[in-house]
Structure formats: structure tokens, C-alpha cells
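Q: Using only what follows, build the 3D model:
(one chain, ligands or ions: 1)
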Amino acid sequence: RAFRIHIAALGGGPRYATLLTFQDLSEQRVIERMRVDFVANASHELRTPLASLLGFVETLQGPARNDERARERFLAIMREQGLRMARLVDDLLSLSRIEQRAHVAPDTPVDLAGIAREIVDSLTLLARERQVTLTLVTPREPLQIPGDRDELLRLMENLVENAIKYGKQGGEVAITVAAGEGEASVHVRDDGPGIAPEHLPRLTERFYRIDTAASREAGGTGLGLAIVKHIVLRHRGRLTIESKPGEGATFKAILPRFESRP
Ligand code: ADP
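A: Sure, this is the predicted structure:
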């Protein structure tokens, strides 16, 4: 429960009193506040590329009407802005779908090792662009957990993609999938600049970024880790982030196996 405390001094001289009042910011109000902030952030994120898109349309209809070279250049920028908006809307929809299903734990058997291999294959090109070496260690046998295949692909993709994007150019990203007592773990480690301790607790908040320009440059929406967190929660697991600035970051998702799920 959150309270706001108001302190007021009453009177003066030898007789005075202090009035303390407690205002109950009930859970409901905190949730409402978060919802309002979220809508404001999402609108702002959509508005920026939209304004740029409209600006270029007007330029193309007006001053640059007959400028062949400008047209090509502007159309390329407009496409980029359109794609950015599409990514944002897709991520917002994913997040809301995962949240809607939060109370139903997924229970289809999914092979976590297979998921990791698929993601490593699909991100090979991106890794090559940044000269990043991807290494994958998985158990030899399939590692089945009760899950939602699409969500687990998404979880793995977001973590590995972040490690490639924010890790060191020419560095290494190590992905480990392992079976533990009643649980399975996914570790994604990079050797990039790491994350300062003050950012760690807020990293999975929607639209929280350490460097907004770098995130946008890399095509990020600021929702990747919020999606990861909700997927882990829906799978009744936990997520930890460890980092020492200058020594990279490790993201760990621990997910229950069939026999131990509550
Ligand atoms: P984005 O779309 O910006 O990538 P995310 O929610 O996936 O959004 O990540 C939030 C922020 O966390 C990123 O903008 C980046 O600043 C930081 N971050 C994520 N992964 C890493 C990492 N492996 N190393 C350093 N910083 C990271």
C-alpha cells in the first residue's frame, strides 16, 4: 500500500502542533496512474514518426514536387518511419495479448533447446552485421517445459537481439539453456558496456531506455524487456538481470518444468 503523508505545522509561539495526515494511494490509484502514463508514452512514441511522415508528405506535395532525387530520399525515410510505427503497434498488441492471458499459465510442451536453436539461426545475419559471435550451449536431449511456443520464441529473440544490439561490436554473445531441479534456465550473456546499477530495477518498465537515441537507431521500441518480463511471469518463472558496467550483462530467465509447476 502507498501512502502520501502531509505534514503541517499549526500555530506558533509556545503552543504549537504538527498535523500529520495520511492519504491512502490505494493500489487501484497506482494502477490507474500507470495506465495514464502508459497511454501518454505510447501516444508520444507514435506521434513522433507520424509527424515526420506527414511533414515529408507535405514537402513532396509542395516544394519537392518535381525533385526526382529528393523524392527517392524522402520516400525511403517515410518507409522507415512507417516501419517504426508498425513495430511499435505490433509490440503494443503483443504486450496486451500476453497481459490478457496472464491468469492462464500455458501448458503445451515446448522444447526450450529447440527454441534457442531457431532463434540463433534467425539472428545469424544481424550478428554478422555487428561481427558478433553467437555461441549456444544446450542439453543434448530436448528440454520440455509447459509453455507457449510463440511467446518463448519472442522471449529468446528479444534477449538475444538486445545482446547483439547493445553488446560489443565484434564481441561474443553466449546463450545457455540448461535443465535444473524442477526448472529450466535460459542465460544470455554479452560482453558489451553493461548496465549501471541505477538502471537495473527499471529496465523492464515499458518505454524505459538507457539511451533513447541509441535504442531508436537500433530499431528498438522500448517495449522488448517489458514483453520479456510478462512472458516470464505468465510462465510462472522469474527474470534476473546482472551486470557490472564495463563487463557486459547477463539476462537469466528461470522457467518451471512440468513436475514442479504450482
Ligand atoms: P529497446 O526497444 O529500446 O531495445 P528493451 O525493452 O528491449 O527496449 O530494452 C530497454 C533498454 O535496456 C534498451 O534501450 C537498452 O538501453 C537497455 N538494454 C537492453 N539490453 C541490454 C544489454 N544487453 N546491454 C546493455 N543495455 C541493454
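Q: Can you tell me the number of residues neighbouring the single nearest residue of the stretch 1-150 of the chain relative to the ligand?
A: Going by Cβ to the nearest ligand atom, the ligand is nearest to residue 91 of the stretch 1-150 of the chain, at 8.0 Å. C-beta: built from backbone N, CA, C; applies to glycine. Using other Cβ atoms under 10 Å, residue 91 has 22 other residues around it.
Q: Kindly confirm my reading that it is in a helix.
A: Yes - according to DSSP: H, G, I helix; E, B strand; the rest coil, residue 91 belongs to a helix.
Q: excluding its backbone neighbours, what's nearest it?
A: residue 223 (4.1 Å; Cβ to Cβ, 6 or more residues apart in numbering).
Q: May I ask you to confirm that residue 165 is in contact with residue 217?
A: No - using Cβ atoms under 8 Å, residue 165 makes no contact with residue 217, being 9.3 Å away.
Q: Which of these two has more residues huddled nearby?
A: More crowded of residue 165 and residue 217, by other Cβ under 10 Å: residue 165, with 19 against 10.
Q: From the ligand, how far off is that one?
A: Residue 165 sits 7 Å away from the ligand, taking Cβ to the nearest ligand atom, to the nearest Å as the criterion.
Q: mind checking how far that residue is from residue 89?
A: Distance, residue 165 to residue 89, using Cβ to Cβ, to the nearest Å: 21 Å.
Q: for residue 22, same thing?
A: 42 Å.
Q: again with residue 118
A: Distance from residue 118 to residue 89, counting by Cβ to Cβ: 25 Å.
Q: neighbour-wise, which of these two wins?
A: A direct count of neighbours by other Cβ under 10 Å for residue 118 and residue 89 places residue 118 higher, at 16 against 13.
Q: host element of that one?
A: In the assignment (DSSP states H and E), residue 118 maps to helix 112-122.
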